[in-house]
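1. sequence first, then the predicted structure, then my questions.
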Amino acid sequence: MTMEISNRLGLANVKSDYIHAAGRKLEDIHEQLLELEAKGEVKVIHIKDENKAIEADTLFGWKKKIPTNKIWHHKSCGQCGNIPGYPVSLLWFMNQMGLEYVDERNQTSCTAWNYHGSATSNPVGLAAVAVRNWHRAYELGLFPLFHCATTFGDYKEMRNMLVEYKELRDEVRRIMHKIGRELVIPEYIVHYSEWVHVMRFEIAKLKKYDLSNIIATVHPACHTYKMIPEDCIYDKDIYAGKRTAVSTGVALALGAQVADYSTWYDCCGFGFRHILTEREASRSFVMDRKIRPMVREAHSDVCITQDTGCTTTLDKNQWIGKAMGYTEQVPVMADVMFAALACGADVFKIVQLQWHTTDWRPLCEKMGIDWKKSEEEYNAYLEELKAGGKTVNLYEYPKS
Amino acid sequence: MEYDENGVSIVPSEFKKEIFEEARKDFRYEEYVRGCLNCGVCTGGCPPHRFFDFSPRIVLQKMKSKDPELIWTMMDEYIWACFQCFTCAMICPFLNSPGGIIAVLREIAVRRGFESAKKVLKPYSRVLLKLTAYGNQLSPDMIQPDFFPDWGPTIGYASTDLAVKRKAIPMPTLQVTNLAWDVAPEAMKELYEIFDEAGVFKIIESVDPSLYEIIQDIVDDVRSS
């Protein structure tokens, strides 16, 4: 086994010719799904040539096809409600690359944040909501791309349950018929961070700023790589294939230094219910287990996330830490937002950092971005809109 | 309900057995509760274990004991400490899922309207209302300084001139203030049908009857529109 270690800050860009395939073996659900399709039990949303898929390795070395084109955007409640620059940055990249997609109103929440917080649903409810949204992509002839890590984790779980349990399939099929839909399952459940990962070298071609002096720390989302871990991207050139590669991959491709820290595997403290109803637990976790190690051990300039709840929890809970003597602060943003900043997207109109709580201006200044000019232009734009001006959109959804 | 001399409710053994049987009959039980080596790696990696009297190893061991009395001891606040991050499930050498079996126990607690579940979920009602009535669960107008004072002085940004700031987001689906995105009524109606058929509305009625009434009024309005 050969290994190449060139990163002075940790393991992020350690390369290895050893593929992480040891350990427990599970059955490949993808094969079972195709068998069910052959029996006429389910319909499958297949990857087509027009989806321009790029293949990636998962935990056990299985191949996963990531569609890059003809996408149906499955939005995230928390991103759209609270971190709007998250989906906007993703659409901005797709526009830059001339890719086709649909962003529309005919979509519901996956309802999984609520389930993991309150348990006020059940497998039939969760699976039926999943199939309902999958079917909407299917009838438009598009492949669904899931923005939220909890949606990604939940939909992987629901896909597995639907494949493994006939009774669940029968019940969900019955409900789908009641609402005029069919039981369909995507060939692959794909998270936006996987799209960003496989497109990282195309993204890097758009880079406008030198990031070689930026130290990033990555917070991987639990529901990306701990829920159905076998269906998550690993790359032998990133962390030597020993940790999930998404988010770290794009930061490295853009030339940032990705530093290791001792609590990489810890969650963010979101807790689904705790972030709203037991906030002292969330904020203690944020400061003690994530932000302080990132700053003290890695001198991090930016915390890179890949999920909705993590971004909110890590960003919003730093200010209150000062009351208890926690002086460490680090701006928090998703991989796609950091990439958009690096590629010249407008700080206010596209990346929308004005909604974030922890100060991100020092990061922009270190990257060489003139955020003050962006703020002036944004404020002028708001005045135009107040006076009845027209919004400049990245996309116009079909009017029904 | 019977009470002892200290006013503590006495739960009959038969009822505790019924709860255990309900969990054991769940189709996920065998997948989530397998052999346990008692190695404790799940608890060592468990985030809430650092802040609460909570251990996924204990959850697994109690489930493995098949003792209804022991399992009953987890049905109050204990199961609600879990963050549902599934660190335990990822690192368990035996493929157990303590987080998964906790979800099953929580479902029983809300389905049966346990007082502990009602108490824990009371502050969560805003989210439940948004999600079940409108189809997504976090709206821009929920981020108010009086509700999130611990998020710092800049949190007020989100509550001033919100309509024009949302209009300036270059995705038309996001240009609303009362929902995360502007959910189409046909999508909401399909969601209601799913909630009816899967028994989700019934669950909410058992855990919060007043909230259920409010949700049903909104559902009726949307359905008749």
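-> Cool, got the structure. Numbers count the residues shown, from 1 in each chain, chains lettered A, B, ... in the order given.

2. the residue lying closest to B:Tyr78 once chain neighbours are set aside and B:Phe148, how far apart?
-> Leaving aside its sequence neighbours, B:Tyr78 sits nearest to B:Phe54 (CB to CB, 6 or more residues apart in numbering or on different chains; 6.6 Å). C-beta: built from backbone N, CA, C; applies to glycine. For B:Phe54, the distance to B:Phe148 equals 26 Å [CB to CB, to the nearest Å].

3. same drill for these two, tell me which one is more crowded.
-> B:Phe54 (22 against 19; other CB atoms under 10 Å in any protein chain shown).

4. need the phi and psi values for the more buried one.
-> Here is the backbone geometry of B:Phe54 (degrees, to the nearest 10): phi -150, psi 130.

5. hang on, it packs against B:Ala81?
-> Yes. Using CB atoms under 8 Å, B:Phe54 is in contact with B:Ala81, at 3.9 Å.

6. okay, and the common contacts of those two?
-> Residues touching both B:Phe54 and B:Ala81 by CB atoms under 8 Å, 6 or more residues apart in numbering or on different chains: B:Pro48.

7. and the helices in chain B, which stretches?
-> B:13-25, B:29-32, B:41-44, B:56-65, B:68-72, B:87-91, B:98-111, B:115-121, B:125-134, B:162-167, B:185-198, B:200-207, B:209-224 (DSSP state H).

8. redo these as TSV? Include distance to A:Met158 and mean neighbour count.
-> Converted to TSV, the helices of chain B look like this (distance: least, CB to CB, whole Å; neighbours: other CB atoms under 10 Å in any protein chain shown):
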stretch	distance to A:Met158	mean neighbour count
helix B:13-25	20	14
helix B:29-32	14	16
helix B:41-44	24	18
helix B:56-65	23	20
helix B:68-72	26	17
helix B:87-91	16	22
helix B:98-111	13	23
helix B:115-121	23	18
helix B:125-134	17	22
helix B:162-167	31	18
helix B:185-198	12	20
helix B:200-207	15	21
helix B:209-224	24	14
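
9. and the residue nearest to B:Tyr78, what does it touch?
-> B:46, B:48, B:78, B:81-82.

10. which one (most neighbours) among these?
-> Tallying neighbours with other CB under 10 Å puts B:Cys82 at the head of those, with 29 neighbours.

11. so, low pLDDT: which residues of the chain?
-> If you meant another chain, say so; for now it's chain A. Residue ranges of chain A with pLDDT under 70: A:1-11, A:17-25, A:397-400.

12. looking at chain B here, not the other one
-> B:1-3, B:7-9.

13. how is it divided into domains?
-> B:2-112, B:123-224 (automatic domain parsing).

14. among these, which is nearest A:Asn393?
-> A:Asn393 lies closest, by CB to CB, to one member of the domains of chain B: domain B:123-224, at 4.8 Å.

15. tell me the residues of the stretch 151-300 of chain A that contact chain B?
-> A:153, A:161, A:165, A:167-168, A:174-175, A:178-179, A:181, A:222-223, A:225-227, A:229, A:265-267, A:269-274, A:276-277, A:279, A:281, A:283-285, A:289 (CB under 8 Å from any CB of the partner chain).

16. mind giving me TSV with the helices of chain B and columns for distance to chain A?
-> Output for those, formatted as TSV (distance: least, CB to the nearest CB, whole Å):
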stretch	distance to chain A
helix B:13-25	12
helix B:29-32	8
helix B:41-44	11
helix B:56-65	13
helix B:68-72	16
helix B:87-91	4
helix B:98-111	3
helix B:115-121	5
helix B:125-134	5
helix B:162-167	5
helix B:185-198	4
helix B:200-207	5
helix B:209-224	10
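
17. closest one to A:Ser374 among those?
-> helix B:162-167 (14.8 Å).

18. which helices and strands does the closest one pack with?
-> If you count contacts as 3 or more CB pairs under 8 Å, 6 or more residues apart in numbering or on different chains; DSSP states H and E, helix B:162-167 packs onto helix A:371-386.

19. what's the helix it packs on packed up against?
-> helix A:361-367, helix B:162-167.

20. quick one: B:Leu70 and B:Lys62 touch, right?
-> Yes. Assessed by CB under 8 Å, B:Leu70 is found in contact with B:Lys62 at 4.5 Å.

21. now for the closest residue in space to B:Tyr29 that isn't next to it in sequence: which residues touch it?
-> Nearest non-adjacent residue to B:Tyr29, counting by CB to CB, 6+ apart: B:Ala23, 6.4 Å away. Contact analysis of B:Ala23 by CB under 8 Å, 6+ apart lists B:29, B:63, B:71, B:101, B:104-105, B:108.

22. if you set the cut-off to 10 Å instead, what comes out?
-> Shown in contact with B:Ala23 (CB atoms under 10 Å, 6 or more residues apart in numbering or on different chains): B:29, B:32-33, B:63, B:68, B:71, B:75, B:101, B:104-105, B:107-108.

23. what's the answer for A:His223, then?
-> Counted by CB under 10 Å, 6+ apart, A:His223 has contacts A:112-113, A:116, A:148-154, A:156-157, A:191, A:267, A:270, A:272, A:306-310, B:84-86.

24. check which helix or strand it maps to.
-> helix A:222-225 (DSSP states H and E).
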